[in-house]
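> Sharing a model prediction with you, sequence too.
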Amino acid sequence: DPDSENDVIYLFGAMIAKQFLKGYRVRALSGSARYDGLLDINHSESTDSYSDPLSRRDAENTVDGLGKVLEFKYAFSALIDDFESKKKNPREIDVAVVWTLPTLGVNRGSIEYCYADKEDVRPIYGGTHIWRDENDTSRIPIICLQHVCALLSKSLESKEGKPGFGTGVYEKFLEEDRDQSI
């Protein structure tokens, strides 16, 4: 398990390199710039397969293109804090990659999950959640790596016919997200 933002950056890069996350090419990373990186996103037919548990499903609201602004955080709540302190502007961020999303009830905007029964609103490959600012003025797809790992583990366990740890973690996350969405 990652325990820092740097670990999240490393895990995201490794998941792209190993083709667990498809359609992404990291263009630049920075530890000193206002935002953490630039990402080229190319959602093609290979990222829209319904047999793929991480596939993009909402082609109308996707974030395709070159040089998309990428923000990494260990916990999404730290990004909300950056918005509140005006350190970062949500309108300038195209994708957020985090390890953990402790709660969908945030003090600014709202978060909805986009997997399982809500996967048809997934705007990017591997997206697990979407954050919306008040009045839907900003929208940021979130790749929560903890959820992605659980989705991949559950998928592998399903293929092998042996539910295990990944399935249990996935079901726990889904139950929490459903409860918090009420």
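Received, thanks.

> drop to CA atoms for contacts and neighbour counts, all remaining ones
Will do.

> and the gap between the most centrally placed residue in the chain and residue 76?
Nearest to the mean C-alpha position of the chain, by C-alpha atoms, centre = their mean, lies residue 143 at 0.9 Å. Counting by C-alpha to C-alpha, to the nearest Å, the gap from residue 143 to residue 76 is 10 Å.

> list the residues that contact both of those two?
With contacts defined as C-alpha atoms under 8 Å, 6 or more residues apart in numbering, the residues shared by residue 143 and residue 76 are residue 98.

> Give me the number of neighbouring residues for residue 100.
18 (other C-alpha atoms under 10 Å).

> can you pull up the bridge partners for it?
In this entry, residue 100 is beta-bridged to residue 75, by DSSP bridges.

> Give the residue farthest from the middle of the chain.
Largest separation from the mean C-alpha position in the chain: residue 161, at 26.9 Å (C-alpha atoms, centre = their mean).

> any low-confidence regions in this structure?
Low-confidence segments of the chain, defined by pLDDT under 70, span residues 32-33, 45-47, 182.

> Could you rerun that using 90?
1-2, 29-35, 42-64, 101-110, 117, 119-120, 134-137, 155-167, 176-182 (pLDDT under 90).

> Which stretches in it count as helices?
Using DSSP state H, the helices of the chain run over residues 5-17, 76-84, 145-160, 165-180.

> Give me the number of neighbouring residues for residue 2.
For residue 2, the neighbour count with other C-alpha under 10 Å is 16.

> Use 2 as the first number from now on
Happy to do that; since the first residue is 2 now, the last one works out to residue 3.

> my read: it touches residue 9, true?
Yes - at 6.1 Å, residue 3 and residue 9 qualify as touching, with contact defined as C-alpha atoms under 8 Å.

> quick revisit: got the helices of the chain as CSV, with distance to residue 122 columns?
Formatted as CSV, the helices of the chain follow (distance: least, C-alpha to C-alpha, whole Å):
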stretch, distance to residue 122
helix 6-18, 22
helix 77-85, 20
helix 146-161, 16
helix 166-181, 15
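
> Of all these, which one comes closest to residue 119?
Nearest of the helices of the chain to residue 119, taken as C-alpha to C-alpha: helix 166-181 at 10.1 Å.

> ok, residues contacting the closest one?
Residues outside helix 166-181 that contact it (C-alpha under 8 Å, 6+ apart) are 104-106, 113-114, 117, 148, 150-155, 158.

> just checking, residue 147 touches residue 103?
No - the pair residue 147 / residue 103 is not scored as a contact, 10.6 Å apart, by C-alpha under 8 Å.
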